[in-house]
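> A structural model of the following input is requested.
(one chain, ligands or ions: 2)
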Amino acid sequence: MTVLGRSVRAGFESRFHRPAAGLWSAPGRVNLIGEHTDYNDGFVFPFAIDRRTVVGLRPREDRSIRVASSFAEETVELDLAELSPQNLNGWSAYPMGVAWALGEFGADLTAVTGFDVYIDSDVPIGAGLSSSAAIESAVAVALNDTWDLGMDRRMLARVGQLAENRAVGAPTGIMDQSASLLGRVDAAVFLDCRSLQSEVVPLGFQASGLELLIIDTKVSHSHATGGYAARRESCESGASLLGAASLRDVSVADLTRAAEVLDDETFRRVRHVVTENQRVLDTVRTLREQGPTAIGAFLDASHASMRDDFEISVPELDLAVEASRDAGAIGSRMTGGGFGGAAIALTPHRLVPAVQSAVAVAFTSAGYAAPDMFVVHAAEGAMRED
Ligand code: ADP
Ligand code: MG
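Ligands and ions are numbered 1, 2, ... in the order given. Here you go, the predicted model:
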């Protein structure tokens, strides 16, 4: 059993005074490329990472659900009959929201037993690595097995998204849950957010001597909610002014006309999404034809587009990207929703220490707090652990 698995078993027993019946886990994710494309019906290319959230679960004889986490002192309790988005708040809205959302997708919640859940995780919280999808997906697979629901992974991804949208109240797309549920070792998930079709594409980082370094600036998402909503609105209004159902239907060739129709700001928002969709397609094709050493330029272009057109970067992210590139990364970009969080730097294995120290020095010189840096590997999606 993993260290985290042991800690979940111990934490479960100390909170609930009985052993967990089983352990399930789901990973965080990093998005290699395709940012703010998910809610525009576009393409994303994330992978599951070797940082996981583990849940221990035991069914109960009654209809009570109780959730506890290493992350919080309190154990939150609710009757299954009381499950609804308006009765949920705080961190427990994630696991309980998943139970509620399973009902929305057809599980008969009047016929199931209650449960106790204990959660621990080594996914950094709020760093843009989707600890939220990790907790949702881990709880989703645990309840899918425990309640014998037989839902497939794609449906469980939609369950997690619904929980996040309605129970938590965050208007996010389906990328994070898809990566966490569909990810495979040494591969990324090429996801069409319109059809929800997905394909697992081998990355081959290790065979090419590459590592993906995460640079977590630890700058918080303080303007993120408002900024995210504003970007979504710009995308919607841009699409409607162009007579398109969504920006997915606008191509790079259409941008000339878009420049005439749209105001400057809306045009730049649209240009980011349209070119980013193309970069995802280019990255997937290039990866297949030439391997991972050839994709760096797409990562760099993605960052420039988010910095200049979509305007969701911050100086710390720009510095992380520049310093890592200067020290030998073959491609770098901010990743996640923006306004803080992490950057990724695709780096030759032997240059990882040099890139890390160059970024650390650059942050110190700029007077920024030291970032957290660590390498992640593409890992297996959600699974039963024990
Ligand atoms: P991110 O997904 O980028 O890490 P979010 O704000 O989307 O950030 O989700 C973080 C929230 O998810 C936390 O504030 C907490 O409410 C919940 N969460 C994530 N992991 C855990 C955990 N292990 N235990 C309890 N709550 C968690
Ligand atoms: Mg999240």
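> ok but A20 is inside a helix, no?
No: applying DSSP: H, G, I helix; E, B strand; the rest coil, one finds A20 to be coil, outside a helix.
> for it, the count of nearby residues, please.
A20 has 24 neighbours, counted by other Cβ atoms under 10 Å. From N, CA and C alone the C-beta is placed, and that goes for glycine too.
> packing partners for the lengthiest helix in the chain?
Counting residues, the longest helix found in the chain (DSSP state H) is helix 264-290. Counting contacts by 3 or more Cβ pairs under 8 Å, 6 or more residues apart in numbering; DSSP states H and E, helix 264-290 packs against strand 22-33, strand 43-59, strand 198-202, helix 224-241, helix 255-261, helix 296-308.
> list the helices and strands the following helix or strand past the last one packs on?
What it means is helix 296-308. Downstream of helix 296-308, the next assigned helix or strand under DSSP states H and E is helix 315-326. Under the contact definition 3+ Cβ pairs under 8 Å, 6+ apart, helix 315-326 sits against strand 210-216, helix 296-308, strand 331-334, strand 342-348, helix 352-366.
> so can I have a markdown table of the ones you listed showing mean neighbour count, distance to ligand 2 and mean pLDDT?
Formatted as a markdown table, those follow (neighbours: other Cβ atoms under 10 Å; distance: least, Cβ to the ion, whole Å; pLDDT from 0 to 100):
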| stretch | mean neighbour count | distance to ligand 2 | mean pLDDT |
| --- | --- | --- | --- |
| strand 210-216 | 23 | 14 | 97 |
| helix 296-308 | 20 | 18 | 98 |
| strand 331-334 | 29 | 15 | 98 |
| strand 342-348 | 26 | 12 | 97 |
| helix 352-366 | 17 | 24 | 98 |
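> how about TSV for those, with distance to ligand 1 added?
Output for these, formatted as TSV (distance: least, Cβ to the nearest ligand atom, whole Å):
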stretch	distance to ligand 1
strand 210-216	10
helix 296-308	16
strand 331-334	13
strand 342-348	9
helix 352-366	20
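> so what's the spatially closest residue to Y368 that is not a sequence neighbour scoring on pLDDT?
The shortest distance from Y368 to any non-neighbouring residue, by Cβ to Cβ, 6 or more residues apart in numbering, is to E316 (5.4 Å). Looking at E316, its pLDDT reads 97.
> contacting residues for E316?
T217, V219, G340, F363, Y368, P371 (Cβ atoms under 8 Å, 6 or more residues apart in numbering).
> in those, find the pair that's most separated.
G340 and F363 (14.0 Å; Cβ to Cβ).
> is F374 in a helix, a strand, or coil?
Classified using three-state DSSP, F374 is strand.
> which residues does it bridge with?
Beta bridges link F374 to I214, judged by DSSP bridges.
> tell me the pLDDT at it?
We have a pLDDT of 97 for F374.
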